[in-house]
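*Asks:* 3D model of this:
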Amino acid sequence: MKHPKTILPALLACAAVVCLIAAGVILFRQRQSDRHSQETLDELRASAEALKGTASSESSNPSAENSELVPEPSQETPLPSAEPTAAPEPAPVPIENPYRDSFLANEDMTAWIQIPGTPVDYPVMWTPEDEEYYLLRGFDGKSDNNGCLILDTDSCLDPLSTNLIIHGHNMKSGAMFGSLTEYEDADFCEEHKSIILYTKELQRNYEVIAVFRSQVYKKTDQVFKFYKFFQADTQEEFDDFYQNIKALSIYDTGVTAEFGDHFLTLSTCVYHVDRGRFVVVAKEVEPGDLYLPIYGEEKTQH
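*Replies:* Numbers count the residues shown, from 1 in each chain. Next up is the predicted model:
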């Protein structure tokens, strides 16, 4: 019979080997999951870029058939004596939504956000019955430590609330909102001040108005809580939000707002304090393209 002193180290060694194997399997599966999620997002982005290219080509190259319908001015026609009145600007013509395939692939997608020149180029999910459903799930609903960007359930796209809040993980890899803290640099902000939100109905364009650090406070704390502001029905409600974000902002972005404007707030975790948050607030500026209806949808847009 073996001595107990020799059996114990052997058991410990076996346990260590089993733990290493289990850890390796978990890591392998996680990497497989991450790779699959990345491939899914890459396919969605490629589909959107293809549709954008098609829309751009159609708008810049009208067909010859249509151009032939425009008569050439006749030299025999006398010029009118009075100054012609300015023709009204034509109404915008809806185009195909570049993220149509993404919306149809998952009815939980409520928008697609893009910050040109940064890694932020992701779907935004909305699950009012469970706001944290995509906290650790990818676009396809499978386990993913990156999770997805999530529209706060108290935000509203239709009708549009004064403020839309999007939450996302601060990943070390730079995924999701992992690059958001770069906005602490005023020069970075100036170079990446534009934020685009593609909804089902239209493209919404924003410019950064404030950048600051905050935290999730206790319910009893009598302080400004950026994550509680969604709607300003009065000048006073607007001023409270606007003056606070301007006072908290690390630097002056040069962008101002007034009652009636709409905002987009991006929030991610930081660790300067307990339950810390890094926040980028942008103001909606000129609207972008209008989109044709997306067919096959059964879920009401929020």
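*Asks:* where does the residue nearest to the spatial centre of the chain land in three-state SS?
*Replies:* Note on the chain: the residue nearest the mean C-alpha position is Ile113, at 2.9 Å, using Cα atoms, centre = their mean. When classified by DSSP: H, G, I helix; E, B strand; the rest coil, Ile113 comes out as strand.
*Asks:* ditto for Thr181
*Replies:* Under three-state DSSP, the three-state class of Thr181 is helix.
*Asks:* separation between Tyr242 and Thr234?
*Replies:* Tyr242 is 12 Å from Thr234, where distance means Cβ to Cβ, to the nearest Å. The way it works is simple: take the backbone N, C-alpha and C, and place the C-beta from them, glycine included.
*Asks:* who's more crowded, the two?
*Replies:* For Tyr242 versus Thr234, neighbours defined as other Cβ atoms under 10 Å are more numerous around Tyr242 (22 against 10).
*Asks:* gap between that one and Phe139?
*Replies:* Tyr242 is 34 Å from Phe139, by Cβ to Cβ.
*Asks:* need the helices for the stretch 1-150 of the chain, in chain order.
*Replies:* 4-60, 64-67, 100-105 (DSSP state H, counting those that start in this stretch).
*Asks:* out of these, which gets the lowest mean score?
*Replies:* The minimum mean pLDDT among the helices of the stretch 1-150 of the chain belongs to helix 64-67 (a mean of 42).
*Asks:* find the nearest non-adjacent residue to Gln235, please.
*Replies:* Phe259 (5.1 Å; Cβ to Cβ, 6 or more residues apart in numbering).
*Asks:* so the one you found sits right up against Asp240, yeah?
*Replies:* No: between Phe259 and Asp240 there is no contact under Cβ atoms under 8 Å: 11.4 Å.
*Asks:* list the contacts of Tyr134.
*Replies:* Tyr134 sits next to 108, 125, 127, 147-148, 150 when contact means Cβ atoms under 8 Å, 6 or more residues apart in numbering.
*Asks:* next: Val281.
*Replies:* 208-211, 226, 245, 263-266.
*Asks:* just name the closest of those residues to Glu201, please.
*Replies:* Comparing these against Glu201 with Cβ to Cβ picks out Leu264 as the nearest, at 15.6 Å.
*Asks:* Tyr206 is in what secondary structure piece?
*Replies:* strand 203-215 (DSSP states H and E).
*Asks:* what's that strand packed up against?
*Replies:* strand 194-198, helix 235-248, strand 263-270, strand 276-284 (3 or more Cβ pairs under 8 Å, 6 or more residues apart in numbering; DSSP states H and E).
*Asks:* any low-confidence regions in the chain?
*Replies:* 1-6, 8-34, 55-86, 296-302 (pLDDT under 70).
*Asks:* now do 80
*Replies:* Along the chain, the model assigns pLDDT under 80 to residues 1-37, 53-91, 295-302.
*Asks:* what about the closest residue to Gly288 other than its chain neighbours, how many residues nearby?
*Replies:* Residue nearest to Gly288 in three dimensions, not counting chain neighbours: Gln203, with 2.9 Å by Cβ to Cβ, 6+ apart. Neighbours of Gln203 under the rule other Cβ under 10 Å: 19.
*Asks:* ok, what's across the strand from Gln203?
*Replies:* Tyr198 (DSSP bridges).
*Asks:* distance of it from Trp112?
*Replies:* 10 Å.
*Asks:* quickly list what's touching both of the two.
*Replies:* Counting by Cβ under 8 Å, 6+ apart, the residues touching both Gln203 and Trp112 are Leu197.
*Asks:* returning to that earlier point: return the set of buried residues in the strand holding Tyr206.
*Replies:* 203-212, 214-215 (16 or more other Cβ atoms under 10 Å).
*Asks:* mind listing what's buried along stretch 216-225?
*Replies:* Phe224.
*Asks:* likewise for stretch 98-117?
*Replies:* Result for stretch 98-117 [16+ other Cβ under 10 Å]: buried residues 98-103, 105-106, 108-115.
*Asks:* repeat that for stretch 257-274.
*Replies:* So, applying 16+ other Cβ under 10 Å, buried residues of stretch 257-274: 257, 261-268, 270.
*Asks:* which members of these are the farthest-apart pair?
*Replies:* Farthest pair in those (Cβ to Cβ) is Asp261 and Val270. Separation: 26.6 Å.
*Asks:* show me what the closest residue to Val280 other than its chain neighbours is bridged to.
*Replies:* Closest residue to Val280 apart from its sequence neighbours, by Cβ to Cβ, 6+ apart: Leu266 at 4.5 Å. For Leu266, the beta-bridge partners are Ile166, Val280 (DSSP bridges).
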